[in-house]
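Student: here is my input; please provide its structure:
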Amino acid sequence: MIRHKALWQRSVISFCLGIIIIFHLLVPVNPDGTLPAIPELAGIALLSGILCFTFSWGRNLQVSGWSFRPSEVGVFSFLWLTVLFLTGTRAFISLFKTPGQLWTPCLIIPNINTRIECFFQATTYQNYGVRTFFMLLTAVMMGTLACLIVRSFLHGWKLLLGLVVFGPLLVTLTGFFCLLVGIEQVLPKSLLYNAWGSHRLTQIFGNPGWAWPYFAPGIAIVLWATVTASTRRSRILWAGISFILILGALATQQAGALLLCLIYITVCGFYYLSFGLKKSSIVNQVKRASLPLFIASILLAIFSNQKLLQQIAKLVGYEWDTEALSPETTRLEIWKAAWNIFKEAPLFGHGYASWLQIISEYGLRNNRPNVVFDTAHNLFFQILVEFGLLHTVIIFSFLGLIAFTAFQNSRFLPGGRLLFLLAVSSFFVPTLVQEINYIRPSYYIHAIFWGALVGLPFHADHSSKPNSVEPQYQLLPSKTRSLGARFIPAIAFALLSGVSLLGILFCYLTFSFGGYQFEAALTAPNTKIMRWLGPNTALATFATAEKKSYSVYDVNPRQKPMTVNLGKAKDFSITVEGTDRLELALENGGQNLPRKHNLSFFPVAGDGTRWIGVQVAYPPVQSNLGIAWSRNMYGWETFGNAKGRWCGQNCVFLVKTCSRSDRLDFSILAPRPVDGKIPPSTLHISVYGFSEETQFSQKLFSHLPIPLLDLREQFDKIGTSKLIHVQGTPKTSWYLVWVESDSVFNPKSLGISPDDRNLTAIVQEASCPK
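Tutor: Predicted coordinates for the structure are as follows:
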């Protein structure tokens, strides 16, 4: 009964660990892409939830008498103090002092919730230190929790290492299956645009250069498992998985992936030669070592012959279109530029998360645009540029301590030294020629991997070597703790999990999804903060202190004609073309809890790793007048205490007011006569109603319904205005208003002002009836 209970518990925990991988793989693109914070919080919530379960209801799964050495406590204390106080302080300073930036765009967004979202999705061209620090904090937290699980959970190291293998295996099998059936991408368009086709294993990752670093820890684990397997059956199994993962890494057609695999195989060969699987003759050790070295030689020979490589790829229906061993000069130029930049501020660096700004200035100053990339493709050069020598020494100090701790604890695993050497290779190769701290899935899987290595028990595993315990390492006695002491860790991990779940709820309720990074001109403060929206967007709209009915976003379509399907009225779509203007007039929620609007756009275009449809401006106009489509109208202005828009001659607009469908209220203000320069004008106002099932476009003008209002009004007195009230029905979704005038005036031509527009009347919002 107890065995079945433990099996069921392990199955549930394994499922939760798999969910973490799924969440992380939802964001395999630039960190300023969509879905901010939720994958990170989900991973922390699940890992801390597992620990909470282990210390409460699942105590039968807990290792008896587990402990940490004082040196391990010191390593983690050093790590967390450095991250929280030293790096955290520099991240905060980056908000106000980042090279090349005179202001922080996210700080002027009126709503605190959207401001937080902006910091998580700030483009790498502006202050992105908060997001970078959050990613670092998440990685350290996940590594710490993984360490605790491995140390306290019975056979926890097997679960965590299995988790690290599961991610790359899932990506590889999914990629090959999609290649077989002709699917170019797995993730929805709101999360990913695959510009690489189906032959670079990019069905999940947005770039092949981001995929292979994700494979590095998993390949290290399965190669170690292959070498140290105790039975022929298990060795065949692990060798098969190793073959699949290596094939997946090589399928990215990246030179870094080939280099990684060659180093792995070489390490295995030298391990065979130096240690062997067991005591045997030198001849047998040489035989064992020759196999991986022979495989490495074969790989090198194949990848050196481009024609042979393409022929082999065609045999399995694969297209190989790169030269894996072609000389890489761009990275060398980037690293040379990074070294020159480092020498400009060697001690303290140029500032946290400042790489792109600094390299952009360098490229412009030296006429070298080819070195401008959002990462240095070398973690060590980038750290030197941003942090300087002093901070870098501290970073490498705790990295060295982490590696030394993992080296100490790995000795009690069969072939633990091999696992350590492969782990070091899995870290150094991607960090030297690519990056692991930029794309979130790679960042977090490496953090979990190293957390698991550090958490390996510092004594032998009783289940594998029952007679080889080293009691001198068991510093804490295996005494039964009091009931209160047992539940203190459970309560702490429950609180951490609960806070993470509340964070997920906050993000889900208040963040927009399907939108990309917030962009702004950084040379001078302004109110134009732009953002591209993808094909499907859940846009969150907040009310300001004015408590106006609508957020009206100025929209710049990627191309015309553009059709937008508005969320609440799911069958109501608007198509804009030519000189027509499209805006998103969306009903507001509260000041703290927004209203979500599900929008879709067509057509959309691929751009980098994203699908884009329209660009919107933050902060949006707040008005009681929700104009979604217009022709011959100018932008929003404030007239007294109300907002409105000038009409040109014969202006038309699609509108609703005060979040009501059964009525329309707005004001018309005609221009005032000034010394007789502006003649009186007669306006013809027509209003039509449309139901929720309407597909609105210019084609509707040829068969408009009977107008709800048809009015002619002459404006010949100073300050003349008229309140327009139209009675509709509860089924009326939008109103089309047509304002025609018999005359226009140009303020500049009349010498009134520099305004060179041809104007007729002002369409102004009215107060909403109570």
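Student: mind listing what residue 444 touches?
Tutor: 24, 40, 43, 138, 139, 142 (C-beta atoms under 8 Å, 6 or more residues apart in numbering). C-beta here means a position set from N, CA and C on the backbone, and glycine is covered the same way.
Student: which of those residues lies closest to residue 193?
Tutor: Using C-beta to C-beta, residue 24 is the member of these that lies nearest residue 193, at 19.0 Å.
Student: what's the neighbour count on the closest one?
Tutor: 24 (other C-beta atoms under 10 Å).
Student: from the contacts of residue 444, which land in helices?
Tutor: Among the contacts of residue 444, the members falling in helices are 24, 40, 43, 138, 139, 142 (criterion: DSSP state H).
Student: so who does the fourth one touch?
Tutor: Spelled out, that is residue 138. 40, 43, 44, 444.
Student: what would the residues you listed look like in TSV with pLDDT and distance to residue 629?
Tutor: Shown next, in TSV, are the contacts of residue 138 (pLDDT from 0 to 100; distance: C-beta to C-beta, whole Å):
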residue	pLDDT	distance to residue 629
40	96	39
43	97	43
44	97	44
444	97	44
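Student: farthest pair within those residues?
Tutor: Longest span within the contacts of residue 138, C-beta to C-beta: 44 and 444, 10.0 Å.
Student: spit out the residues that contact those two alike.
Tutor: Counting by C-beta under 8 Å, 6+ apart, the residues touching both residue 44 and residue 444 are 138, 142.
Student: tally of neighbours for the residue nearest to residue 741 when sequence neighbours are not counted?
Tutor: Spatially, and ignoring its direct neighbours in sequence, residue 741 is nearest to residue 760 (3.9 Å; C-beta to C-beta, 6 or more residues apart in numbering). Counted by other C-beta under 10 Å, the residues lying close to residue 760 total 25.
Student: that older thread, need the ones in helices among the contacts of residue 444 in a markdown table (columns: distance to residue 430).
Tutor: As requested, the ones in helices among the contacts of residue 444 are exported to a markdown table (distance: C-beta to C-beta, whole Å):
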| residue | distance to residue 430 |
| --- | --- |
| 24 | 16 |
| 40 | 20 |
| 43 | 20 |
| 138 | 18 |
| 139 | 14 |
| 142 | 18 |
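Student: and those residues, which is closest to residue 427?
Tutor: Nearest to residue 427 among the ones in helices among the contacts of residue 444, with distances taken as C-beta to C-beta, is residue 139, at 12.8 Å.
Student: list the contacts for that closest one?
Tutor: Residue 139 touches 437, 443, 444, 446, 447, counting by C-beta under 8 Å, 6+ apart.
Student: any idea how far the helix or strand that contains the last one is from the middle of the chain?
Tutor: The one in question is residue 447. According to DSSP states H and E, residue 447 maps onto helix 440-454. With C-alpha atoms, centre = their mean, to the nearest Å as the basis, helix 440-454 stands 18 Å off its chain's centre.
Student: what do you get for stretch 435-453?
Tutor: On C-alpha atoms, centre = their mean, the centre of stretch 435-453 falls 15 Å from the chain's centre.
Student: now do the helices in the stretch 301-450 of the chain.
Tutor: 306-315, 330-344, 355-365, 379-409, 416-433, 440-454 (DSSP state H, counting those that start in this stretch).
Student: elements contacting the third one?
Tutor: Where contact means 3 or more C-beta pairs under 8 Å, 6 or more residues apart in numbering; DSSP states H and E, helix 355-365 is packed against helix 330-344, helix 379-409.
Student: buried residues in that helix, which are they?
Tutor: 355, 356, 357, 358, 359, 360, 361, 362, 363 (16 or more other C-beta atoms under 10 Å).
Student: now pLDDT too, for the residues you listed, in CSV please.
Tutor: Shown next, in CSV, are the buried residues of helix 355-365 (pLDDT from 0 to 100):
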residue, pLDDT
355, 92
356, 89
357, 88
358, 91
359, 91
360, 89
361, 89
362, 91
363, 90
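Student: of these, which is the nearest to residue 72?
Tutor: residue 355 (32.4 Å).
Student: so what's the closest one up against?
Tutor: 374, 375, 376, 382, 385, 386.
Student: repeat that with 7 Å
Tutor: Applying C-beta atoms under 7 Å, 6 or more residues apart in numbering, we find residue 355 in contact with 375, 376, 382, 385, 386.
Student: do I have it right that residue 511 meets residue 538?
Tutor: No. Look at residue 511 against residue 538 with C-beta atoms under 7 Å: they stay out of range, at 8.7 Å.
Student: looking at these two, which is more packed in?
Tutor: Remark: of residue 511 and residue 538, residue 511 carries more neighbours, 23 against 16, as counted by other C-beta under 10 Å.
Student: OK, contacts around the more buried one?
Tutor: Counting by C-beta under 7 Å, 6+ apart, residue 511 has contacts 36, 117, 540.
Student: one step back: let's see if you can find the most crowded of the contacts of residue 139.
Tutor: residue 444 (29 neighbours).
Student: quick one: which of the ones in helices among the contacts of residue 444 is nearest to residue 396?
Tutor: Closest to residue 396, out of all of the ones in helices among the contacts of residue 444 and judged by C-beta to C-beta, is residue 139, at 16.5 Å.
Student: can you tell me which of the contacts of residue 444 is nearest residue 648?
Tutor: For the contacts of residue 444, the nearest to residue 648 is residue 40 (49.2 Å; C-beta to C-beta).
Student: find the nearest non-adjacent residue to the closest one, please.
Tutor: residue 138 (4.1 Å).
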